[in-house]
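# Next come a sequence and a model predicted from it.
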Amino acid sequence: MRRHPPGPPGHWLWGNIAEVRSNVLRLLDSVPLQCGDLATLRFLGQRVLLLSHPRWFEQVLSTDNQKFEKSPRFRRLVSSVFGNGVFGAQGRDWQRQRRILQSALNGIRLDRHCDTVVATASMICDGWMSEKTASLEATMMELALAIRLRTTLGTTNPDVFDDIYRALRTFMDYFASSIRNPLSWPLWVPSESNRRIQKTMKRWWEVISEQIEAGRESADPNTLLFLLLSQELSVTYPLRDELATWLLTGTETSANTLSWTWYLLATHDEVRERLRQEVDAALQGRPPKVSDLPKLRYLNAVLKESMRLFPQAYIIGRKSTESFSMDGYSFSKGTTVLLNQWFVCRDEQWHADAREFHPERWLTVDHQSAIAFTPFGGGPRQCVGGQLAKCELPLILALLAQKFDFGLADWSWETQVRPEVSLTLRPDPRLRILLSRRGVVATKTTDEDIERNSHP
């Protein structure tokens, strides 16, 4: 067996920490080209494997998944905000929580759920002032959070929205800072920024606990809260933590996917026009429904291409629980591996014109592209909400295509936009859009419409 895979030189003590702090995506792009798809990074003397080929993804996530778990550092980072939700759970706890959450999700009436998603999205869009400029990232965050609160907790309370919105902002900034700086202070250190985070966190848990207690009395039967309360939950089941995980991860990934899709449509006229034509022909001016999804093939291709260029799970980390081997190398228990989805999704080996926005690639069966495209992860721990997202995101995008022109307020950004790295990839909050309405839109939506769509 060979000793170590090659890797970039880095500092003699700090290793590659400086490259991570400077531009982590540039590091993820350059290392596979210089060192191959199995490479070694170093951080303060610790060796970390960077895996940049689908065959390694398959081994870690599926074939040998029992040999890997989420890394302790990642679990500490997310548990400070998510508590003991399924996202960071391990072993039997994860199996139990995943089974309960999946059972609850299986109880969702998809048609009613999607009608609620569309009605909530339409009400939020109707409240946006026409011809106004706004932060793209903040606008999509507002939209995604309103939908998530309505379908998870059954609330449209503006005070709850404001509290949760502030918390999500604070947590995403905290995650971004921790990822860019592996030597950042842990939350228990009483720095000024940590005290601010702790104060926000206290209110975050209070709000979610208050909503759970309110839901025990009169929860909407098609919300995740109701469906979880309907399960046979033990006293140790972390209901609050599970709902917190669902709110934060679902809001962030949906908002970012919609943001990048808006940006790409705004900068590609032919794609934007073709998508509009498909949406207009399929919907004839009425709000989209789940039964319309098979008719929106090009729209789905646009979303796939957006998720390929800006994968939300751009890096997936695991730590080995026993020894394993790869490509003639032997690795011991406790080895950290990073699955480099950012590079694989943009690798010419798997996608022709890989750095270009070509939704048409997804209109034909291309097994090679599909192998290297796993937006919701893989194996037993793939995203539990992935199937629901595949219904929600197309319907929201169809509604946006009906109502808005997908404009940018400052076209000089076209060649400057770079992702900001957090747990996910979000656009620079300075990127602003123009909320210019189309001539024909779906009818205005009210709170009464949302309530009507939520019940049989």
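Here it is on my side, so go on.

# Give me the below-cutoff pLDDT ranges for this structure.
For the chain, the stretches with pLDDT under 70 are 1-2, 366-368, 411-416, 440-456.

# could you show me where the strands are in it, in order?
38-43, 46-51, 68-69, 132-135, 315-320, 324-326, 329-331, 336-340, 407-408, 420-421, 425-426, 432-435 (DSSP state E).

# want to throw those into TSV with distance to residue 383?
The C-beta positions use only the backbone N, C-alpha and C, and glycine is treated the same way. Shown next, in TSV, are these (distance: least, CB to CB, whole Å):
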stretch	distance to residue 383
strand 38-43	25
strand 46-51	19
strand 68-69	17
strand 132-135	26
strand 315-320	11
strand 324-326	24
strand 329-331	27
strand 336-340	14
strand 407-408	30
strand 420-421	19
strand 425-426	15
strand 432-435	27
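
# For residue 219, find the nearest of those strands.
strand 425-426 (31.2 Å; CB to CB).

# Can you tell me what sits against that closest one?
Applying CB atoms under 8 Å, 6 or more residues apart in numbering, the contact partners of strand 425-426 are 137, 172, 252, 255-256, 259-260, 310-312, 314, 419-420.

# How far off centre is it?
9 Å (CA atoms, centre = their mean, to the nearest Å).

# if we can go back for a sec, right, so of the strands of the chain, which gets closest to residue 28?
strand 336-340 (5.3 Å).

# partners of the closest one, with directions?
Sheet pairing here is set by DSSP bridges, and for strand 336-340 it gives strand 46-51 (parallel), strand 315-320 (antiparallel).

# Okay, angle between that strand and strand 38-43 too, please.
120 degrees (axes from the mean of the first three to the mean of the last three CA atoms, to 10 degrees).

# CA atoms of strand 336-340 as CSV?
Output of strand 336-340 as CSV, limited to C-alpha atoms (Å, rounded to 0.1, in the frame of the first residue of the first chain):
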residue,chain,number,x,y,z
THR,A,336,-11.6,12.6,7.7
VAL,A,337,-12.8,12.6,4.0
LEU,A,338,-14.4,15.5,2.0
LEU,A,339,-16.5,14.7,-1.0
ASN,A,340,-15.8,17.5,-3.5
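
# Which residues does that strand contact?
In contact with strand 336-340 (CB under 8 Å, 6+ apart) are residues 28, 31-32, 41, 46, 48-52, 56-57, 60-61, 68, 71, 315-320.

# 7 Å instead, please
28, 32, 48-52, 56-57, 60, 71, 315-319 (CB atoms under 7 Å, 6 or more residues apart in numbering).

# What of stretch 398-409?
Under CB under 7 Å, 6+ apart, the answer for stretch 398-409 is 118, 121-122, 125, 133, 262, 265-266, 272, 275-276, 279, 283, 287-288, 296, 299, 432-438, 441-442.

# With mean neighbour count and distance to residue 230 added, can I get the strands of the chain in JSON lines?
Below are the strands of the chain laid out as JSON lines (neighbours: other CB atoms under 10 Å; distance: least, CB to CB, whole Å):
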{"stretch": "strand 38-43", "mean neighbour count": "20", "distance to residue 230": "45"}
{"stretch": "strand 46-51", "mean neighbour count": "20", "distance to residue 230": "40"}
{"stretch": "strand 68-69", "mean neighbour count": "20", "distance to residue 230": "30"}
{"stretch": "strand 132-135", "mean neighbour count": "16", "distance to residue 230": "38"}
{"stretch": "strand 315-320", "mean neighbour count": "20", "distance to residue 230": "32"}
{"stretch": "strand 324-326", "mean neighbour count": "16", "distance to residue 230": "41"}
{"stretch": "strand 329-331", "mean neighbour count": "15", "distance to residue 230": "44"}
{"stretch": "strand 336-340", "mean neighbour count": "23", "distance to residue 230": "36"}
{"stretch": "strand 407-408", "mean neighbour count": "18", "distance to residue 230": "44"}
{"stretch": "strand 420-421", "mean neighbour count": "19", "distance to residue 230": "38"}
{"stretch": "strand 425-426", "mean neighbour count": "24", "distance to residue 230": "34"}
{"stretch": "strand 432-435", "mean neighbour count": "20", "distance to residue 230": "39"}
